[in-house]
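Colleague: Structural data only, the sequence is not supplied:
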């Protein structure tokens, strides 16, 4: 019987296989990426979203290795949580990726036990029996990103990770189209390709154009210049530093994650800045506004980030005034638009001119658009395609591109997270099973203890608040010891007289039931819940959570 | 002493003067627009946002009239609430605006007492002593929109309302540039101009291009075609109906507000459709998919709207399958992006091709862009400008356009909601005062009874849930009658042992205090709150609301 390989996409908050993909063959598991997602507004109070990797913990002994495609949070952020559960599994990645991961594991106290393996793409493949992994350089919005060529007993699979075809990347390291074409000639049985920008026609512009925009904007400015971007976008920061050096401005890096990443990138040789260019936030007061360029976090309007605090005039070291320029060198992730708009309004109110992706060419995507996806399909000429890394509509658009490139419709797999896709010789890949593949919530110190029921309650509480009815019954005779108490939170302030009425109603319900010899506490609570709930709804049109507490004493 | 006029912008959720503007002169008040805003995610559980029009209710007798610029919800939606508070104030507007408002007032049971005055712009001005109001036709994304020329004893003010310069509007009724130029020649003392698209360079495309897109898309489709847009966008719907007639498709209108608006527009002659073209949702089953075009609400991904229910396979009359086409003919209002994306993903999953503003020219804005704002400034040549209708950053961009048009910097007023701007001869307008101008929440049946405290509580509840501690003390000896009870909601499911611990801690705190002769209930509650809260935080890193209830019996 011919051998097969199974592919399982996990995590990703609707983006299939974005955070984690598992390859399973001969009973061994290879994990590609261990990322996390950031909560949407609907994930009330939750701090982080991890892929549910129960599939791995149940097969702990079988996990052969973890391979990371690049150092973005949505590809590496869950690693501490995964390693804590799985124990020491070897982790492979390029130099910068491993450097960033080291610092992360250190913060979680896991560095000592971790097995981190730095791989030079030029010296791959890595033998991870029964898999053999070749790393192929790709351009992305972080240096040292790679696609993976995964040789399995069931065929050759290419896993692109996030990529674009940037022909003029800042570090000169382009997507290795030569090697991709060679691999295409060797024959690709299945392509798992990034679909993020599949719906967008054309080609993503080169990262270099952002540097050109910086060079046009910054030299003519007379006030402070602030540049905000993702803390991991090393080339973006490098380009800002370069233009600062060009204009004789000092560079001040504000925001913990950005300082950390710049330090790692400089140490490992991925970024450079003359020592006398960098100044500390505390030194900003020693310079005139036109002598500094401030690099800061907060390009997504995150509530506690540097830029947000600056926009609200609430940052200890940095302020903004008329004549200053703020460049938001990022695009809001869907769901963050209002927060980013609020920050822009705050900065405009302080008098700053704000340049952002809607009014200046200060951002380009890290993901290739439709024409680049077509190029990838042409280079690799895969026998089958499984679009990944995207919402369903993007996968559908990628599938359309694959069909147009000549891939037979029955060799295109539109999987969901949790789909188990089987690949084997002779037949197109197909979905053969589904495994549990939800999201694990991280809330405070707890991982996975807040589940959907708690979120449903939080949502309910957030909509109309809560009304608590406390009634005490004397154990001796089962009669109420006093009128019930009614307490509300988040319901409405002028609710005083209504609460009185609710209290009376609760007393009436209770007496009626007890008179009718109903005394089971569960039943009493049910009647209080329904009766008072109805009264409140009739009076206000609202449905707060009603929580009756009946205590027998 | 020369006479002055005061202008007060109210409401608008950060968009200055969007929902309501008050002109005050010789002790009389003229109200322009009475709109509402839709809540953002942060307004937990709130249904609608009204401008706080306390300024009007305090001066009820002085309110001369309400003039409406057009029939959009953010300009007329608060009218029932305003009239209920102010009593019968005459309301002026164009034919369609009054038609839409009539139906709204009828739903609120206010139609009988309302004084509605239909104004034909060609027959204005209307004398509303001490004001005289001329209505000037403008193009917008609803028919029958007007700008206002307000003659006051302190000078001539132009209030543009929402507008664009559409030279090929669907109904042929263009923005009346001739009249605007004449008014410019008469002399404009102050311009209050729409700033929505001030940041966007160029010119907004004509509404007609959307019709052209429909004509390219619909005839070649073989399945159902759904078109979703704002229920008030009569021309958009007309263009969809026209293309349906062209292709011999029946038109089915789905969604209450859209059915209502189409009926009003047809009755008043603003829309037309052959009677045999329109079919009822119940009749859809009698036709093959390629024989129908469905017009539906839900272009903003609203949870209970037709399109959302269709996307989730949950609509009683309409379903979507492979081969169908859905045109979302709108742009997500900031904050609605994720909901719209979710709807698109749902529709794509059902097999539909989804065309939306990101991948097809199926929407144009109703607001003019920067070049159109420049045109308005050139036509009117105002002595002073007060940018309105926009977030601060848009107002700032509009101010920049005004400066570039030659308006002196000190004659440009950047006001906030609640600013009182004084206009008089001889001096540029300036902010002289501030009045209360917040937002009034409508939640269920309640108007204004949910305030910030309740929202703060809802937010707190939504983040980490609630923990309720119920303790009973015997009134006879002040001792606890039993161990306290601890109940949680929205906190975390595996919280069982922790709740035990919290219960023990609450018992310990209580005994310790009572042993120390502390028996004041307020103090006991405070200690329970702090002690249990700290325990929970230490164990989980979370801060649920802690609600101690101590009952003396």
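Modeller: Good, I have the coordinates. Treat the numbers as computed from the prediction; the structure is a model and nothing was measured. Residues are numbered from 1 along each chain as shown, chains lettered A, B, ... in the order given.

Colleague: SS state for the closest residue to residue A:233 other than its chain neighbours?
Modeller: Computed as CB to CB, 6 or more residues apart in numbering or on different chains, the closest residue to residue A:233 that is not its neighbour in sequence is residue A:141, at 5.3 Å. For glycine as for every other residue, the C-beta is placed from the backbone atoms N, C-alpha and C. Secondary structure state of residue A:141, per DSSP: H, G, I helix; E, B strand; the rest coil, is coil.

Colleague: Residue A:93: how many residues sit nearby?
Modeller: Neighbour count of residue A:93, defined by other CB atoms under 10 Å in any protein chain shown: 28.

Colleague: tell me the mean pLDDT over stretch A:435-450?
Modeller: Stretch A:435-450 carries an average pLDDT of 82.

Colleague: in the stretch 401-550 of chain A, which spans are strands?
Modeller: With strands called from DSSP state E, counting those that start in this stretch, the stretch 401-550 of chain A shows them at A:419-424, A:427-434, A:439-443, A:446-447, A:466-473, A:485-489, A:545-552.

Colleague: Any idea which of those strands has the lowest pLDDT on average?
Modeller: strand A:446-447 (a mean of 80).

Colleague: who touches it?
Modeller: A:50, A:81, A:440-441, B:492, B:540-542 (CB atoms under 8 Å, 6 or more residues apart in numbering or on different chains).

Colleague: are any of those buried, and which?
Modeller: A:50, A:81, A:440-441, B:492, B:540, B:542 (16 or more other CB atoms under 10 Å in any protein chain shown).

Colleague: Among those, which lie within helices?
Modeller: A:81, B:540 (DSSP state H).

Colleague: Sort the buried ones among the contacts of strand A:446-447 by pLDDT and name the bottom one.
Modeller: residue B:492 (76).

Colleague: What count of nearby residues applies to residue A:392?
Modeller: Neighbour tally, residue A:392, other CB under 10 Å: 23.

Colleague: picking up where we left off before, CSV for the contacts of strand A:446-447, including distance to residue B:76?
Modeller: Formatted as CSV, the contacts of strand A:446-447 follow (distance: CB to CB, whole Å):
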residue, distance to residue B:76
A:50, 47
A:81, 52
A:440, 47
A:441, 43
B:492, 46
B:540, 48
B:541, 48
B:542, 44
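
Colleague: Closest to residue B:316 out of those?
Modeller: residue A:441 (34.3 Å; CB to CB).

Colleague: surely the closest one meets residue A:450?
Modeller: Yes: in this structure, residue A:441 is within contact of residue A:450 by CB atoms under 8 Å, at 4.7 Å.

Colleague: between the two, what contacts are shared?
Modeller: residue A:46.

Colleague: Which parts of the stretch 351-500 of chain A are helices?
Modeller: A:370-380, A:392-404, A:452-464, A:496-515 (DSSP state H, counting those that start in this stretch).

Colleague: Give me every residue in the stretch 201-350 of chain A lying close to chain B.
Modeller: A:201, A:334-335, A:337-338, A:341, A:344-345, A:347-349 (CB under 8 Å from any CB of the partner chain).

Colleague: Closest one to residue B:466 out of those residues, please.
Modeller: residue A:335 (25.9 Å).

Colleague: OK, contacts around that closest one?
Modeller: Residue A:335 makes contact with A:40-41, B:337-338, according to CB under 8 Å, 6+ apart.

Colleague: and with 6 Å instead?
Modeller: A:40, B:338 (CB atoms under 6 Å, 6 or more residues apart in numbering or on different chains).

Colleague: okay, now residue A:109: neighbour count?
Modeller: Neighbour count of residue A:109, defined by other CB under 10 Å: 10.

Colleague: Report pLDDT for it.
Modeller: So residue A:109 comes in at 95 (pLDDT).

Colleague: Pretty sure it sits in a helix.
Modeller: No: Residue A:109: not assigned to a helix; according to three-state DSSP it is coil.

Colleague: For it, give its distance to residue A:66.
Modeller: The spacing between residue A:109 and residue A:66, counted by CB to CB, to the nearest Å, is 19 Å.

Colleague: how about low-confidence regions in the stretch 101-250 of chain A?
Modeller: Scanning the stretch 101-250 of chain A for pLDDT under 70 picks out nothing.

Colleague: Pick out the residue of it closest to chain B.
Modeller: residue A:199 (5.5 Å; CB to the nearest CB).

Colleague: Can you name the residues that contact that residue?
Modeller: By CB under 6 Å, 6+ apart, the neighbours of residue A:199 are A:394, A:397, B:359.

Colleague: Excluding sequence neighbours, find me the nearest residue to it.
Modeller: Counting by CB to CB, 6+ apart, the residue nearest residue A:199 is residue A:397, at 4.4 Å.
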